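Q: Predicted model and sequence follow; I will ask about them next.
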Amino acid sequence: MSDHAMPALYLSHGAPPLVDDDLWVSQLGSWSSRLPRPTAILVVSAHWESAPLTIGSTTTGTPLTYDFGGFARKYYEVTYRSPGAPELARQVAALMPDSEPVAHQESRGLDHGAYVPLTVMYPDADIPVLQISMPTLDPQRLLTLGERLRPLREQGVLIVGSGFTTHGLPFLRDPSPTAQAPGWSAEFDAWAGERFAAADLDALIDFRAKAPGMPYAHPTIEHFAPLFVTLGASSDPEQVPQQVIDGFWMGLAKRSIQVA
């Protein structure tokens, strides 16, 4: 990769009330302000698992996917009319080998794993955005997917894996934003930070067996899985990433990284 390639991100995207958390808003806004301006944004979110690899809406104005329940009405009235990205969709499809079939779902708008952080990071909604599905939860296959997408970074495309470093929602006892992190969340987060600092890709791949706090930190693994797309899209999946955000929200770890 050249020195001018866009970085790739793995971010903990939070729930819709993210936009009401002043600290998180300032952290995400500060992060995006330090990035080069993307030519387009490609998002792989924890909230869209679909095989084969599926490309979402490529048109401007496709309604958002409000894939959540139990929140105030205002969160269902959010809009984010980013430009469509049909050319990026064509490039993504062209980068896939014959062994990786590609489907299209034009009616599929951005889900909250994509649009919630983008409303904070790029509030003007003036950058083309495309979301694609996770066709698998297997870390090795997702690394390969990220590697196939890597050339897009040379064209200024910001690749974002959107998940949550811990996501044990069934085991939370205090859902308030400032709640103390449960032991399983704090332990998994500390382990992840250490493995990032050590560039220990093998341990990250085997997180279900090696990480403390499991299975409570990830009773299902779709929120950690986007990390591997990000790492695969990096110039070297075994590099030491920049750990840009840490801390907790509702007791869940919001650790987020950037790779070159």
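A: Alright, I've got the coordinates.

Q: measure stretch 252-260 end to end?
A: By Cα to Cα, to the nearest Å, the extent of stretch 252-260 from end to end equals 26 Å.

Q: what do you get for stretch 97-116?
A: From its first residue to its last, stretch 97-116 covers 32 Å (Cα to Cα).

Q: If you count neighbours, what's buried in that stretch?
A: 102, 108-116 (16 or more other Cβ atoms under 10 Å). In short, each C-beta sits where N, CA and C put it, glycine included.

Q: now those in CSV, with secondary structure, distance to Tyr216 and pLDDT?
A: CSV is the format used below for these (DSSP: H, G, I helix; E, B strand; the rest coil; distance: Cβ to Cβ, whole Å; pLDDT from 0 to 100):
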residue, secondary structure, distance to Tyr216, pLDDT
Val102, strand, 36, 98
Arg108, coil, 31, 96
Gly109, coil, 32, 96
Leu110, coil, 29, 97
Asp111, strand, 25, 97
His112, helix, 23, 95
Gly113, helix, 21, 96
Ala114, helix, 26, 97
Tyr115, helix, 28, 96
Val116, helix, 24, 95
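
Q: list the helices and strands the helix or strand harbouring Phe196 packs on?
A: For Phe196, the element it lies in under DSSP states H and E is helix 183-197. Helix 183-197 sits against helix 201-205, strand 242-245, strand 248-249, strand 252-253, with contacts defined as 3 or more Cβ pairs under 8 Å, 6 or more residues apart in numbering; DSSP states H and E.

Q: can you pull the pLDDT of Val19?
A: Predicted confidence (pLDDT) for Val19: 88.

Q: One more: the one 4 residues further on?
A: Per-residue confidence (pLDDT) for Leu23: 94.

Q: Quick check: buried residues in the helix or strand hosting it?
A: If you go by DSSP H and E, Leu23 is part of helix 22-33. Buried residues in helix 22-33, counted by 16+ other Cβ under 10 Å: 24-25, 27-28, 31-32.

Q: same check, this time on stretch 133-140
A: Buried residues in stretch 133-140 (16+ other Cβ under 10 Å): 133-137, 139.

Q: Make a markdown table from those and add distance to Thr62, pLDDT and secondary structure to it.
A: Below are the buried residues of stretch 133-140 laid out as a markdown table (distance: Cβ to Cβ, whole Å; pLDDT from 0 to 100; DSSP: H, G, I helix; E, B strand; the rest coil):
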| residue | distance to Thr62 | pLDDT | secondary structure |
| --- | --- | --- | --- |
| Ser133 | 15 | 98 | strand |
| Met134 | 19 | 98 | strand |
| Pro135 | 21 | 98 | coil |
| Thr136 | 25 | 98 | coil |
| Leu137 | 26 | 98 | coil |
| Pro139 | 30 | 98 | helix |
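
Q: In JSON lines: those residues, plus distance to Lys74.
A: Output for these, formatted as JSON lines (distance: Cβ to Cβ, whole Å):
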{"residue": "Ser133", "distance to Lys74": "28"}
{"residue": "Met134", "distance to Lys74": "29"}
{"residue": "Pro135", "distance to Lys74": "33"}
{"residue": "Thr136", "distance to Lys74": "35"}
{"residue": "Leu137", "distance to Lys74": "32"}
{"residue": "Pro139", "distance to Lys74": "37"}
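
Q: Save the helices and strands packed on helix 183-197 as a markdown table, and put in distance to Leu158 too.
A: Listed next are those as a markdown table, based on distance: least, Cβ to Cβ, whole Å:
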| stretch | distance to Leu158 |
| --- | --- |
| helix 201-205 | 22 |
| strand 242-245 | 14 |
| strand 248-249 | 23 |
| strand 252-253 | 23 |
